[in-house]
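Student: A structural model of the following input is requested.
(one chain, ligands or ions: 2)
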Amino acid sequence: MQIKELKARGIKNSRKEAAIEVIINKKYSASAPSGASTGTHEVRSFPKKGIRYAIEKVNKYNFKELKFEKFKDLEILDAYIKSWGGNTVVALQSAILKAMAKGNVWKFLNPKAKVLPTPLGNCIGGGAHTKLESIDIQEFLLIPKAKTFKEKVKINRKVYDMIGKQLKLKKKTDEGAFISNESTITTLKFMTEYMEQIKKTKGWDVSLGVDIAASQFYKKGKYNYRNFWENEKRIVSRKEQINIVNNWIKDYNLKYVEDPLEEEDFRGFAKLNQKTLICGDDLITTNIDRFKKAITKKAVNAIIIKPNQIGSLVKTKELVDFARKNRIKTIISHRSGETMDPIISHLAVAWKIPYIKTGIYGKEREIKLQELIKIERQIKA
Ligand code: 2PG
Ligand code: MG
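Tutor: Ligands and ions are numbered 1, 2, ... in the order given. A predicted model of the protein is given here:
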């Protein structure tokens, strides 16, 4: 594939923050998202000198001398993660990959791919994704069962709309989930009962998951809940938090629990009930060294995959392969500040990733779901 022209420019993400877009041969464009509840060990999105500086560097670089034929060829750009920032490298590699694939990335990477991921849909949210004082838990996630991806998306959207209506919720978090002023316990109880009810009335099989994003309310060695139950604040120790989460898994039938403890507590993670999916996001930050540590300590049985946390599609792929070897479930994920780029949908299919967390509502989320519906159609044909 020949790069005749490569142009980088600034765009805005869904949170109206500055983001980078790369366009190749006037045809293939890609961009990178940004997080709000970022893990301490993520690579920098942009260099200290800022996004403008990164864009200038890319636009001055001579890409014509590089050869790109296969996925592994993207590795040469990993050398620039530090100097240009992780988001710059991810946007560059994504655009080049799209150009190599002539737009159909999943097929280029894995023409034999057959399986679609299950969408984890953020229904009610809080934490760092709201400017208002709201629920401490960042995401209450719907995990639907159905024969096709399209049906799963439909179920998630219907349940989301029904819950919004029933609780009279209108305001939305950064990633399109409803904002509620109820307490954590009230919401957990409501959601569990609601899932039981829709199973009876509609026949829909939807499980409940949560992203606790616990680092966000961990201060001075304690977990600080603003509204644990009926407007009661609660400050709990590490030991108590471990007990609380294990009880929640049992009492509310949680099938998926992301970042239940702060981002350095590998040993605490190992004390959680691993019959359910215990997932590391801020804990691991798509970083292979932290992942190896998590495996050694038996901390997780699931891992969030976010390319811009590590700043490279190549390194992301290595991690996905390593997870499969170690029988750790993977969940590829959007960021709260998203763009219209649906490349994670293609990577999910090509790399046989069983789950995709990409929201339910909002054009930056829906484009990724729609892309997967399109891929499902292509696979069936
Ligand atoms: C998360 C993500 C996405 P952010 O914590 O999993 O939902 O949030 O992009 O703000 O890190
Ligand atoms: Mg998370």
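
Student: Does Asn273 belong to a helix, a strand or coil?
Tutor: Under the three-state scheme (DSSP: H, G, I helix; E, B strand; the rest coil), Asn273 adopts coil.

Student: and if you look at the one 10 residues further on?
Tutor: Per three-state DSSP, the local secondary structure of Leu283 is coil.

Student: so what's it closest to, chain neighbours aside?
Tutor: Closest residue in space to Leu283, ignoring its immediate chain neighbours: Glu263 at 5.3 Å, by CB to CB, 6 or more residues apart in numbering. Heads up, the C-betas are built off the backbone N, CA and C, glycines and all.

Student: Ligand 2 versus that neighbour, what's the distance?
Tutor: For Glu263, the distance to ligand 2 equals 10 Å [CB to the ion, to the nearest Å].

Student: and what of Ala381?
Tutor: Taken as CB to the ion, the span from Ala381 to ligand 2 is 35 Å.

Student: How about Leu66?
Tutor: Distance, Leu66 to ligand 2, by CB to the ion: 34 Å.

Student: how about that residue, what does it touch?
Tutor: Ile3, Asp73, Ile76 (CB atoms under 8 Å, 6 or more residues apart in numbering).

Student: contacting residues for the closest residue to Ala350 other than its chain neighbours?
Tutor: Leaving out its chain neighbours, the residue that sits closest to Ala350 by CB to CB, 6+ apart is Leu109, at 3.7 Å. Counting by CB under 8 Å, 6+ apart, Leu109 makes contact with Phe71, Ala101, His346, Leu347, Ala350, Trp351.

Student: Also Asp341?
Tutor: Asp341 sits next to Ser29, Ala30, Ser31, Ala32, Pro33, Ser94 when contact means CB under 8 Å, 6+ apart.

Student: Now neighbour count and secondary structure too, for those residues, in JSON lines please.
Tutor: Converted to JSON lines, the contacts of Asp341 look like this (neighbours: other CB atoms under 10 Å; DSSP: H, G, I helix; E, B strand; the rest coil):
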{"residue": "Ser29", "neighbour count": "20", "secondary structure": "strand"}
{"residue": "Ala30", "neighbour count": "24", "secondary structure": "strand"}
{"residue": "Ser31", "neighbour count": "23", "secondary structure": "strand"}
{"residue": "Ala32", "neighbour count": "30", "secondary structure": "coil"}
{"residue": "Pro33", "neighbour count": "26", "secondary structure": "coil"}
{"residue": "Ser94", "neighbour count": "25", "secondary structure": "helix"}
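
Student: what about Lys145, neighbour count?
Tutor: For Lys145, the neighbour count with other CB atoms under 10 Å is 12.

Student: One more: Asn308?
Tutor: Neighbours of Asn308 (other CB under 10 Å): 25.

Student: follow-up on the earlier one: out of the contacts of Leu66, which comes closest to ligand 1?
Tutor: Ile76 (27.6 Å; CB to the nearest ligand atom).

Student: Point me to the residue of the stretch 201-350 of the chain nearest ligand 2.
Tutor: Nearest residue of the stretch 201-350 of the chain to ligand 2 (CB to the ion) works out as Asp281 at 3.5 Å.

Student: ok, and does stretch 45-56 reach over to ligand 1?
Tutor: No - Stretch 45-56 stays clear of ligand 1 (CB under 6 Å from any ligand atom), getting no nearer than 11.1 Å.

Student: Do me a favour and get the end-to-end distance for that stretch?
Tutor: Stretch 45-56 has an end-to-end distance of 15 Å (criterion: CA to CA, to the nearest Å).

Student: OK, contacts around Tyr80?
Tutor: Neighbour list for Tyr80: Thr88, Val89 [criterion: CB under 8 Å, 6+ apart].

Student: Tell me the spacing between it and ligand 2.
Tutor: Distance, Tyr80 to ligand 2, by CB to the ion: 27 Å.

Student: Helices of the stretch 51-200 of the chain, start to end?
Tutor: If DSSP state H, counting those that start in this stretch is used as the criterion, the helices of the stretch 51-200 of the chain fall at 51-60, 81-84, 86-100, 105-109, 149-166, 184-202.

Student: Please work out which of these is packed deepest.
Tutor: Of those, the one with the most neighbours on average (mean count of other CB atoms under 10 Å) is helix 86-100, at a mean of 26.

Student: returning to what we had before: burial check on the residue of the stretch 201-350 of the chain closest to ligand 2, number of neighbours?
Tutor: Other residues within reach of Asp281 by the criterion other CB under 10 Å amount to 29.
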